[in-house]
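*Asks:* show me the folded form of this:
(one chain, ligands or ions: 2)
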Amino acid sequence: MTSFNKIAVLGGGAWGTALAQTAARAGRSVTLWEHDPANAQHLSDKRESVYLPGVTLEPSIVVTRDLADAARADALLLVVPAQVMRPVVTSLAPLIAARTPLVACAKGIEHGTHRFMTEIIAECAPAAIPAILSGPSFAADVARGLPTAVTIAAADAAVAQALAQAMNSGSFRPYHSTDVRGVELGGATKNVMAIAAGIVEGRKLGASALAAMTTRGFVELVRFGKAYGARIETMHGLSGLGDLTMCCSTPQSRNFSFGMALGRGESIDTAAHGKLAEGYYTAPVLLEMAQAKHVDMPISTAVAAILAGKLDVDKAIEGLLTRPLKAEE
Ligand SMILES: NC(=O)C1=CN([C@@H]2O[C@H](COP(=O)(O)OP(=O)(O)OC[C@H]3O[C@@H](n4cnc5c(N)ncnc54)[C@H](O)[C@@H]3O)[C@@H](O)[C@H]2O)C=CC1
Ligand SMILES: O=C(CO)COP(=O)(O)O
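*Replies:* Ligands and ions are numbered 1, 2, ... in the order given. Below is the predicted model of the structure:
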(Lines give C-alpha, C1' and ligand atoms only; values in the text may rest on other atoms or scores of the structure.)
(Ligands and ions follow the chains in the order given, each with its own letter.)
Protein backbone atom coordinates (compact mmCIF):
# COMPACT_ATOMS: atom_id res chain seq x y z
CA MET A 1 0.00 0.00 0.00
CA THR A 2 1.14 3.62 -0.65
CA SER A 3 2.69 5.24 2.38
CA PHE A 4 2.64 8.95 3.02
CA ASN A 5 5.81 9.74 4.92
CA LYS A 6 6.11 13.44 4.15
CA ILE A 7 3.10 15.38 5.38
CA ALA A 8 2.50 19.11 4.91
CA VAL A 9 -0.04 21.05 6.91
CA LEU A 10 -1.39 24.27 5.41
CA GLY A 11 -2.50 26.58 8.20
CA GLY A 12 -0.69 27.12 11.48
CA GLY A 13 -3.85 27.97 13.37
CA ALA A 14 -5.17 25.93 16.29
CA TRP A 15 -6.19 22.85 14.30
CA GLY A 16 -3.30 22.94 11.83
CA THR A 17 -0.81 23.12 14.68
CA ALA A 18 -2.50 20.22 16.48
CA LEU A 19 -2.47 18.10 13.32
CA ALA A 20 1.17 18.94 12.63
CA GLN A 21 2.02 17.79 16.15
CA THR A 22 0.05 14.59 15.59
CA ALA A 23 1.75 13.80 12.29
CA ALA A 24 5.17 14.44 13.83
CA ARG A 25 4.35 12.17 16.77
CA ALA A 26 3.19 9.54 14.28
CA GLY A 27 6.73 9.57 12.91
CA ARG A 28 6.08 11.56 9.73
CA SER A 29 8.34 14.29 8.40
CA VAL A 30 6.22 17.45 8.72
CA THR A 31 6.23 20.85 7.04
CA LEU A 32 3.88 23.49 8.48
CA TRP A 33 2.91 26.32 6.11
CA GLU A 34 1.44 29.53 7.51
CA HIS A 35 0.33 32.46 5.34
CA ASP A 36 0.15 35.10 8.06
CA PRO A 37 3.61 36.70 8.47
CA ALA A 38 3.25 37.44 12.19
CA ASN A 39 2.04 33.95 13.07
CA ALA A 40 4.66 32.35 10.81
CA GLN A 41 7.35 34.34 12.60
CA HIS A 42 5.93 33.33 15.98
CA LEU A 43 5.86 29.67 14.89
CA SER A 44 9.49 29.85 13.74
CA ASP A 45 10.90 31.90 16.61
CA LYS A 46 8.84 30.79 19.60
CA ARG A 47 7.85 27.33 18.21
CA GLU A 48 4.25 28.14 19.18
CA SER A 49 1.13 29.23 17.26
CA VAL A 50 -0.57 32.46 18.33
CA TYR A 51 -3.83 30.47 17.95
CA LEU A 52 -2.75 27.73 20.36
CA PRO A 53 -0.70 29.28 23.15
CA GLY A 54 1.13 26.96 25.49
CA VAL A 55 1.71 24.19 22.94
CA THR A 56 5.34 23.90 21.86
CA LEU A 57 5.93 22.54 18.36
CA GLU A 58 7.69 19.19 18.07
CA PRO A 59 11.36 19.93 17.23
CA SER A 60 11.20 18.08 13.90
CA ILE A 61 8.41 20.28 12.40
CA VAL A 62 9.70 22.62 9.69
CA VAL A 63 7.85 25.95 9.46
CA THR A 64 7.62 27.71 6.10
CA ARG A 65 5.86 30.57 4.34
CA ASP A 66 6.75 29.15 0.94
CA LEU A 67 3.91 27.11 -0.51
CA ALA A 68 6.33 25.32 -2.87
CA ASP A 69 8.10 23.79 0.16
CA ALA A 70 4.82 22.39 1.43
CA ALA A 71 3.78 21.20 -2.02
CA ARG A 72 6.64 18.66 -2.11
CA ALA A 73 4.94 16.52 0.55
CA ASP A 74 3.37 13.10 -0.19
CA ALA A 75 0.04 14.29 1.25
CA LEU A 76 -1.20 17.72 2.39
CA LEU A 77 -3.68 18.61 5.13
CA LEU A 78 -5.62 21.80 4.31
CA VAL A 79 -6.41 23.44 7.64
CA VAL A 80 -7.66 26.91 6.77
CA PRO A 81 -11.18 28.32 7.25
CA ALA A 82 -13.74 26.92 4.80
CA GLN A 83 -14.33 30.26 3.10
CA VAL A 84 -10.66 30.57 2.06
CA MET A 85 -10.21 26.97 0.93
CA ARG A 86 -10.69 27.93 -2.74
CA PRO A 87 -7.87 30.51 -3.02
CA VAL A 88 -5.50 28.29 -1.05
CA VAL A 89 -6.15 25.23 -3.26
CA THR A 90 -5.94 27.38 -6.40
CA SER A 91 -2.47 28.60 -5.41
CA LEU A 92 -1.37 25.10 -4.48
CA ALA A 93 -2.65 23.27 -7.57
CA PRO A 94 0.20 24.07 -10.00
CA LEU A 95 2.81 23.13 -7.38
CA ILE A 96 1.81 19.56 -6.47
CA ALA A 97 2.52 16.24 -8.17
CA ALA A 98 -0.44 14.47 -9.79
CA ARG A 99 -2.36 12.10 -7.48
CA THR A 100 -1.24 13.88 -4.32
CA PRO A 101 -3.93 13.55 -1.63
CA LEU A 102 -5.26 16.92 -0.45
CA VAL A 103 -7.07 16.33 2.82
CA ALA A 104 -9.60 19.02 3.75
CA CYS A 105 -9.70 19.51 7.52
CA ALA A 106 -12.06 22.52 7.52
CA LYS A 107 -15.71 22.17 8.52
CA GLY A 108 -17.92 24.28 6.32
CA ILE A 109 -19.62 24.82 2.96
CA GLU A 110 -18.65 27.55 0.51
CA HIS A 111 -20.84 30.62 0.29
CA GLY A 112 -22.45 31.31 -3.07
CA THR A 113 -21.43 28.05 -4.75
CA HIS A 114 -22.76 25.62 -2.07
CA ARG A 115 -19.62 23.54 -2.62
CA PHE A 116 -18.37 21.09 -0.01
CA MET A 117 -14.63 21.22 0.75
CA THR A 118 -13.67 18.21 -1.38
CA GLU A 119 -15.69 19.60 -4.30
CA ILE A 120 -13.55 22.75 -4.15
CA ILE A 121 -10.42 20.57 -4.22
CA ALA A 122 -11.74 18.58 -7.20
CA GLU A 123 -12.54 21.81 -9.07
CA CYS A 124 -9.37 23.76 -8.29
CA ALA A 125 -6.84 20.92 -8.24
CA PRO A 126 -8.25 18.30 -10.61
CA ALA A 127 -5.03 16.23 -10.61
CA ALA A 128 -5.12 15.80 -6.82
CA ILE A 129 -6.96 13.18 -4.78
CA PRO A 130 -9.57 14.90 -2.57
CA ALA A 131 -9.98 13.58 0.97
CA ILE A 132 -11.51 14.77 4.24
CA LEU A 133 -10.57 14.45 7.91
CA SER A 134 -13.29 15.16 10.48
CA GLY A 135 -14.58 14.01 13.85
CA PRO A 136 -14.82 15.03 17.51
CA SER A 137 -11.41 16.58 18.08
CA PHE A 138 -10.57 19.80 19.89
CA ALA A 139 -7.22 21.21 18.81
CA ALA A 140 -6.10 21.80 22.39
CA ASP A 141 -6.80 18.17 23.32
CA VAL A 142 -5.14 16.72 20.23
CA ALA A 143 -2.09 18.96 20.51
CA ARG A 144 -1.57 17.74 24.08
CA GLY A 145 -1.79 14.13 22.96
CA LEU A 146 -5.12 13.35 24.66
CA PRO A 147 -6.93 10.31 23.20
CA THR A 148 -8.93 11.22 20.08
CA ALA A 149 -10.64 9.33 17.24
CA VAL A 150 -11.55 10.87 13.87
CA THR A 151 -12.54 9.68 10.40
CA ILE A 152 -10.54 10.12 7.21
CA ALA A 153 -12.45 9.56 3.97
CA ALA A 154 -11.39 9.29 0.34
CA ALA A 155 -13.21 7.75 -2.61
CA ASP A 156 -10.47 5.12 -2.91
CA ALA A 157 -10.49 2.92 0.22
CA ALA A 158 -6.75 2.21 -0.09
CA VAL A 159 -5.95 5.94 -0.04
CA ALA A 160 -8.19 6.53 2.99
CA GLN A 161 -6.53 3.61 4.76
CA ALA A 162 -3.00 4.83 3.96
CA LEU A 163 -3.83 8.34 5.18
CA ALA A 164 -5.26 6.90 8.40
CA GLN A 165 -2.08 4.88 8.83
CA ALA A 166 0.10 7.95 8.23
CA MET A 167 -1.68 10.00 10.90
CA ASN A 168 -2.05 7.23 13.47
CA SER A 169 -0.15 7.83 16.69
CA GLY A 170 -0.52 6.27 20.13
CA SER A 171 -3.21 8.80 21.03
CA PHE A 172 -4.73 9.79 17.66
CA ARG A 173 -6.80 7.05 16.05
CA PRO A 174 -8.19 7.72 12.56
CA TYR A 175 -10.87 5.40 11.21
CA HIS A 176 -11.11 5.23 7.41
CA SER A 177 -14.12 5.54 5.13
CA THR A 178 -15.08 6.01 1.49
CA ASP A 179 -18.11 8.18 2.36
CA VAL A 180 -16.45 11.51 1.60
CA ARG A 181 -19.72 13.43 1.42
CA GLY A 182 -21.05 11.97 4.66
CA VAL A 183 -17.90 12.86 6.59
CA GLU A 184 -17.68 16.46 5.35
CA LEU A 185 -21.39 17.11 5.70
CA GLY A 186 -21.45 16.08 9.37
CA GLY A 187 -18.67 18.46 10.38
CA ALA A 188 -20.22 21.42 8.59
CA THR A 189 -23.73 20.83 9.94
CA LYS A 190 -22.79 20.20 13.57
CA ASN A 191 -21.33 23.70 13.87
CA VAL A 192 -24.76 25.24 13.28
CA MET A 193 -26.33 22.90 15.84
CA ALA A 194 -23.57 23.78 18.33
CA ILE A 195 -24.55 27.45 18.05
CA ALA A 196 -28.17 26.49 18.78
CA ALA A 197 -27.10 24.39 21.78
CA GLY A 198 -24.93 27.23 23.04
CA ILE A 199 -27.89 29.60 22.85
CA VAL A 200 -29.90 27.17 25.01
CA GLU A 201 -27.06 27.07 27.56
CA GLY A 202 -26.51 30.83 27.53
CA ARG A 203 -30.24 31.45 28.00
CA LYS A 204 -30.19 29.01 30.96
CA LEU A 205 -33.00 26.90 29.52
CA GLY A 206 -31.83 23.78 31.36
CA ALA A 207 -30.46 20.31 30.68
CA SER A 208 -33.75 18.98 29.29
CA ALA A 209 -33.86 21.70 26.64
CA LEU A 210 -30.20 21.08 25.78
CA ALA A 211 -30.84 17.36 25.26
CA ALA A 212 -33.90 18.14 23.12
CA MET A 213 -31.94 20.63 21.01
CA THR A 214 -29.05 18.24 20.50
CA THR A 215 -31.30 15.33 19.56
CA ARG A 216 -33.49 17.33 17.18
CA GLY A 217 -30.31 18.87 15.77
CA PHE A 218 -29.12 15.38 14.95
CA VAL A 219 -32.45 14.67 13.22
CA GLU A 220 -31.80 17.72 11.01
CA LEU A 221 -28.26 16.55 10.28
CA VAL A 222 -29.61 13.15 9.18
CA ARG A 223 -32.34 14.69 7.00
CA PHE A 224 -29.82 16.98 5.35
CA GLY A 225 -27.36 14.13 4.95
CA LYS A 226 -29.92 11.86 3.29
CA ALA A 227 -30.80 14.64 0.83
CA TYR A 228 -27.15 15.24 -0.05
CA GLY A 229 -25.94 11.64 -0.34
CA ALA A 230 -24.42 10.80 3.08
CA ARG A 231 -24.53 7.24 4.34
CA ILE A 232 -26.61 6.71 7.45
CA GLU A 233 -23.81 4.85 9.27
CA THR A 234 -21.47 7.81 8.69
CA MET A 235 -24.00 10.20 10.22
CA HIS A 236 -24.19 7.88 13.25
CA GLY A 237 -20.40 7.83 13.46
CA LEU A 238 -17.57 10.04 14.72
CA SER A 239 -17.91 12.78 12.10
CA GLY A 240 -21.70 13.05 12.60
CA LEU A 241 -23.21 12.12 15.95
CA GLY A 242 -19.79 12.07 17.64
CA ASP A 243 -18.82 15.61 16.73
CA LEU A 244 -22.37 16.92 17.19
CA THR A 245 -22.72 15.63 20.75
CA MET A 246 -19.28 16.93 21.69
CA CYS A 247 -19.80 20.43 20.30
CA CYS A 248 -23.35 20.69 21.68
CA SER A 249 -22.13 20.03 25.22
CA THR A 250 -19.17 22.23 26.05
CA PRO A 251 -17.96 25.82 25.74
CA GLN A 252 -14.63 24.35 24.60
CA SER A 253 -16.40 24.44 21.22
CA ARG A 254 -16.08 27.93 19.77
CA ASN A 255 -19.45 27.52 18.06
CA PHE A 256 -21.13 26.53 21.34
CA SER A 257 -19.45 29.38 23.17
CA PHE A 258 -20.48 31.84 20.41
CA GLY A 259 -24.06 30.58 20.86
CA MET A 260 -23.78 30.94 24.64
CA ALA A 261 -22.79 34.58 24.25
CA LEU A 262 -25.78 35.15 21.96
CA GLY A 263 -28.03 33.43 24.49
CA ARG A 264 -26.74 35.75 27.20
CA GLY A 265 -27.68 38.70 25.00
CA GLU A 266 -24.30 39.68 23.52
CA SER A 267 -24.37 41.21 20.06
CA ILE A 268 -23.65 39.09 16.98
CA ASP A 269 -20.68 41.31 16.17
CA THR A 270 -18.81 40.58 19.40
CA ALA A 271 -20.15 37.18 20.52
CA ALA A 272 -17.36 35.15 18.86
CA HIS A 273 -14.74 37.07 20.89
CA GLY A 274 -12.38 37.14 17.91
CA LYS A 275 -12.39 33.35 17.46
CA LEU A 276 -13.43 31.40 14.37
CA ALA A 277 -17.01 30.09 14.65
CA GLU A 278 -17.52 28.34 11.31
CA GLY A 279 -21.23 27.77 11.99
CA TYR A 280 -21.79 31.51 11.61
CA TYR A 281 -20.70 31.22 7.96
CA THR A 282 -22.30 27.83 7.34
CA ALA A 283 -25.79 28.62 8.70
CA PRO A 284 -27.09 30.67 5.73
CA VAL A 285 -25.63 28.22 3.17
CA LEU A 286 -27.04 25.23 5.02
CA LEU A 287 -30.44 26.87 4.96
CA GLU A 288 -30.27 27.65 1.23
CA MET A 289 -29.24 24.07 0.50
CA ALA A 290 -32.00 22.65 2.73
CA GLN A 291 -34.57 24.82 1.01
CA ALA A 292 -33.30 23.78 -2.43
CA LYS A 293 -34.13 20.14 -1.60
CA HIS A 294 -37.20 20.85 0.59
CA VAL A 295 -35.53 19.53 3.73
CA ASP A 296 -37.27 20.66 6.92
CA MET A 297 -34.60 22.13 9.25
CA PRO A 298 -36.32 24.35 11.82
CA ILE A 299 -33.34 24.67 14.19
CA SER A 300 -30.97 25.65 11.39
CA THR A 301 -33.60 28.06 10.05
CA ALA A 302 -33.88 29.72 13.47
CA VAL A 303 -30.09 29.97 13.87
CA ALA A 304 -29.71 31.49 10.39
CA ALA A 305 -32.46 34.02 11.14
CA ILE A 306 -30.87 34.98 14.49
CA LEU A 307 -27.46 35.41 12.85
CA ALA A 308 -28.99 37.51 10.07
CA GLY A 309 -30.50 39.77 12.74
CA LYS A 310 -34.02 38.88 11.61
CA LEU A 311 -35.17 37.06 14.75
CA ASP A 312 -34.43 37.49 18.43
CA VAL A 313 -33.51 34.54 20.60
CA ASP A 314 -36.74 34.46 22.63
CA LYS A 315 -38.93 34.60 19.55
CA ALA A 316 -36.85 31.82 17.98
CA ILE A 317 -37.33 29.59 21.04
CA GLU A 318 -41.05 30.35 21.16
CA GLY A 319 -41.30 29.60 17.44
CA LEU A 320 -39.62 26.21 17.82
CA LEU A 321 -41.80 25.20 20.78
CA THR A 322 -45.10 26.25 19.24
CA ARG A 323 -44.75 24.45 15.93
CA PRO A 324 -47.64 22.03 15.21
CA LEU A 325 -47.22 18.74 17.07
CA LYS A 326 -46.02 15.85 14.93
CA ALA A 327 -44.88 12.24 15.07
CA GLU A 328 -41.27 11.79 16.13
CA GLU A 329 -39.00 10.91 13.19
N1 LIG B 1 -9.79 24.22 16.36
C2 LIG B 1 -10.33 23.02 16.39
O3 LIG B 1 -10.45 22.41 17.46
C4 LIG B 1 -10.80 22.37 15.13
C5 LIG B 1 -10.99 23.09 13.96
N6 LIG B 1 -11.45 22.48 12.83
C7 LIG B 1 -11.66 23.23 11.60
O8 LIG B 1 -10.41 23.64 11.07
C9 LIG B 1 -10.56 24.85 10.33
C10 LIG B 1 -9.50 25.84 10.82
O11 LIG B 1 -9.78 26.08 12.17
P12 LIG B 1 -8.69 26.55 13.23
O13 LIG B 1 -7.34 26.09 12.89
O14 LIG B 1 -9.22 26.18 14.55
O15 LIG B 1 -8.79 28.13 13.02
P16 LIG B 1 -7.79 29.25 13.54
O17 LIG B 1 -8.56 30.51 13.54
O18 LIG B 1 -7.12 28.80 14.79
O19 LIG B 1 -6.66 29.31 12.39
C20 LIG B 1 -6.98 29.66 11.06
C21 LIG B 1 -5.76 29.42 10.19
O22 LIG B 1 -6.12 29.75 8.85
C23 LIG B 1 -5.16 30.69 8.36
N24 LIG B 1 -5.79 31.55 7.37
C25 LIG B 1 -6.77 32.47 7.57
N26 LIG B 1 -7.05 33.10 6.42
C27 LIG B 1 -6.22 32.58 5.47
C28 LIG B 1 -6.06 32.80 4.09
N29 LIG B 1 -6.76 33.72 3.44
N30 LIG B 1 -5.12 32.07 3.43
C31 LIG B 1 -4.40 31.15 4.07
N32 LIG B 1 -4.53 30.86 5.39
C33 LIG B 1 -5.44 31.57 6.07
C34 LIG B 1 -4.69 31.45 9.58
O35 LIG B 1 -3.49 32.13 9.35
C36 LIG B 1 -4.56 30.29 10.56
O37 LIG B 1 -3.39 29.56 10.31
C38 LIG B 1 -12.00 25.31 10.56
O39 LIG B 1 -12.78 24.96 9.45
C40 LIG B 1 -12.44 24.52 11.77
O41 LIG B 1 -13.84 24.25 11.77
C42 LIG B 1 -11.72 21.16 12.81
C43 LIG B 1 -11.53 20.39 13.93
C44 LIG B 1 -11.04 20.94 15.16
O1 LIG C 1 -14.80 20.91 15.18
C2 LIG C 1 -14.35 20.99 16.30
C3 LIG C 1 -14.16 19.82 17.14
O4 LIG C 1 -14.42 18.62 16.49
C5 LIG C 1 -14.02 22.29 16.89
O6 LIG C 1 -15.20 22.89 17.21
P7 LIG C 1 -15.29 24.49 17.28
O8 LIG C 1 -14.86 25.00 15.93
O9 LIG C 1 -16.72 24.76 17.60
O10 LIG C 1 -14.36 24.91 18.37
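*Asks:* get me the contact residues on the stretch 201-329 of the chain for ligand 2.
*Replies:* 243, 247, 253, 254, 255, 278 (C-beta under 6 Å from any ligand atom). C-beta here means a position set from N, CA and C on the backbone, and glycine is covered the same way.
*Asks:* so which pair among those residues is furthest apart in space?
*Replies:* 243 and 254 (13.2 Å; C-beta to C-beta).
*Asks:* of these two, who's got more company?
*Replies:* The neighbour count for residue 243 versus residue 254, taken as other C-beta atoms under 10 Å, is higher for residue 243 (28 against 24).
*Asks:* now the element after whichever helix or strand the more buried one is part of, going C-ward?
*Replies:* Element membership of residue 243 [criterion: DSSP states H and E] is helix 243-247. Using DSSP H and E, the next helix or strand after helix 243-247 towards the C-terminus is helix 254-263.
*Asks:* average model confidence for that following helix?
*Replies:* On average, the pLDDT along helix 254-263 is 98.
*Asks:* quick one, what contacts the residue of the chain found nearest ligand 1?
*Replies:* Closest contact between the chain and ligand 1, by C-beta to the nearest ligand atom, is at residue 13 (1.8 Å). Each residue near residue 13 by C-beta atoms under 8 Å, 6 or more residues apart in numbering is listed here: 39, 49, 51, 52, 79, 80, 276.
*Asks:* and what of residue 24?
*Replies:* Shown in contact with residue 24 (C-beta under 8 Å, 6+ apart): 30, 58, 60, 61.
*Asks:* of those residues, which is the most crowded?
*Replies:* residue 30 leads these on contacts (other C-beta under 10 Å) with 25 neighbours.
*Asks:* hang on, that one in a strand?
*Replies:* Yes. Under DSSP: H, G, I helix; E, B strand; the rest coil, residue 30 sits within a strand.
*Asks:* up against ligand 1, what does this protein have?
*Replies:* So far as C-beta under 6 Å from any ligand atom goes, the chain lies against ligand 1 at 11-16, 34-36, 39, 51, 79-82, 84, 88, 105-108, 137-139, 276, 278.
*Asks:* which of those residues are buried? Put it as a PyMOL command.
*Replies:* Entered in PyMOL, the line below selects the buried ones among the residues of the chain next to ligand 1, by 16 or more other C-beta atoms under 10 Å:
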select buried, resi 11+12+13+14+15+16+34+35+39+51+79+80+82+88+105+106+107+108+137+138+139+276+278
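*Asks:* list the contacts of residue 250.
*Replies:* residue 256.
*Asks:* returning to that earlier point: turn the contacts of residue 13 into CSV, including pLDDT.
*Replies:* Below are the contacts of residue 13 laid out as CSV (pLDDT from 0 to 100):
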residue, pLDDT
39, 97
49, 96
51, 97
52, 97
79, 98
80, 98
276, 97
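*Asks:* of those, closest to residue 218?
*Replies:* residue 276 (23.3 Å).
*Asks:* what about the strands in this structure?
*Replies:* Along the chain, counting by DSSP state E, strands occupy 6-10, 29-33, 62-64, 75-78, 101-104, 129-134, 148-154, 172-177.
*Asks:* run me through the strand neighbours of the shortest one, direction for each.
*Replies:* So that's strand 62-64. Here strand 62-64 is paired, per DSSP bridges, with strand 29-33 (parallel).
*Asks:* next: the last one.
*Replies:* On the basis of DSSP bridges, the sheet neighbours of strand 172-177 come out as strand 148-154 (parallel).
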